[in-house]
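Student: Mind folding the following:
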Amino acid sequence: MEFKNLIGLTPIEFTFQIINTIVIFLIVKKLLFKPVMEIINSRESEIQLNLSEGERVKKEGYKLKEQYEKEMSQAKEQGQEIIKQATLRAEQKEEEIILNAKKEAQSIVDKANKDVAQERQKAMNEIKNDISELALLAASKVIEKDIDKSKHQELINNFINEVAIDGSK
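Tutor: Numbers count the residues shown, from 1 in each chain. Next up is the predicted model:
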């Protein structure tokens with residue numbers, strides 16, 4: 001039993017095999033490697049472009065965030081200023097209402113004092129009239145005759161003035 005070489009290569013065959021491998025390598029390199037490398041390079045440049053675009057968008061996002069925070073801070077300050085102004089206006093309105101109420105109360109007190117003074121004067125006048133009638137009645141009883149009206153009025157006025165002067169002391 002003889003063993004046959006499963007792979008029997010002669011030096012000429014071996015040389016042809018190497019030449020064939022080199023030719024196939026060059027053909028594959030020309031037809032396959034270049035396009036694949038171009039695809040890989042274009043994909044790599046696209047990835048780099050996307051990364052740089054991502055960085056730009058990220059920076060822009062941070063700028064927008066800063067701007068948003070700044071605007072929020074300004075809005076908060078404006079809100080506080082509005083509240084402060086509203087509080088001041090409310091305090092001014094409160095002072096105005098209190099002042100008007102005091103004026104109205106003083107007006108009511110003044111009117112009441114005036115009314116009391118008028119009522120007092122009216123009562124004094126009525127008392128004077130009553131006193132003058134009583135004095136006339138008493139005088140007519142004392143004298144037993146009627147005195148004329150003008151003389152009687154003069155006596156009454158003198159009597160009232162004397163009583164008023166004595167009463168004020």
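
Student: which other helices and strands contact the least confident helix or strand in the chain by mean pLDDT?
Tutor: Between all helices and strands in the chain, the lowest mean by mean pLDDT, DSSP states H and E belongs to helix 149-168, at a mean of 71. Taking 3 or more Cβ pairs under 8 Å, 6 or more residues apart in numbering; DSSP states H and E as contact, the helices and strands that helix 149-168 lies on are helix 34-143. Every C-beta, even on glycine, is put in place using the N, C-alpha and C of the backbone.

Student: and the helix it packs on, what does it pack onto?
Tutor: By 3+ Cβ pairs under 8 Å, 6+ apart, helix 34-143 packs against helix 149-168.

Student: hang on, the earlier thing: tabulate the CA atom coordinates of the least confident helix or strand of the chain in PDB.
Tutor: Output in PDB follows, covering the C-alpha atoms of helix 149-168 (Å, rounded to 0.1, in the frame of the first residue of the first chain):
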ATOM      1  CA  LYS A 149     -96.400 144.400  74.500                       C
ATOM      2  CA  SER A 150     -93.300 146.400  73.500                       C
ATOM      3  CA  LYS A 151     -92.700 147.400  77.100                       C
ATOM      4  CA  HIS A 152     -93.200 143.800  78.200                       C
ATOM      5  CA  GLN A 153     -90.700 142.500  75.500                       C
ATOM      6  CA  GLU A 154     -88.100 145.000  76.700                       C
ATOM      7  CA  LEU A 155     -88.400 143.900  80.300                       C
ATOM      8  CA  ILE A 156     -88.100 140.200  79.300                       C
ATOM      9  CA  ASN A 157     -85.000 140.800  77.200                       C
ATOM     10  CA  ASN A 158     -83.300 142.700  80.000                       C
ATOM     11  CA  PHE A 159     -84.300 139.900  82.500                       C
ATOM     12  CA  ILE A 160     -82.900 137.200  80.100                       C
ATOM     13  CA  ASN A 161     -79.700 139.100  79.500                       C
ATOM     14  CA  GLU A 162     -79.200 139.500  83.300                       C
ATOM     15  CA  VAL A 163     -79.900 135.800  83.800                       C
ATOM     16  CA  ALA A 164     -77.600 134.800  81.000                       C
ATOM     17  CA  ILE A 165     -74.800 137.100  82.300                       C
ATOM     18  CA  ASP A 166     -75.200 135.700  85.900                       C
ATOM     19  CA  GLY A 167     -75.500 132.100  84.500                       C
ATOM     20  CA  SER A 168     -72.200 132.400  82.600                       C
END
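
Student: measure Glu119 to Ile108 for me?
Tutor: 16 Å (Cβ to Cβ, to the nearest Å).
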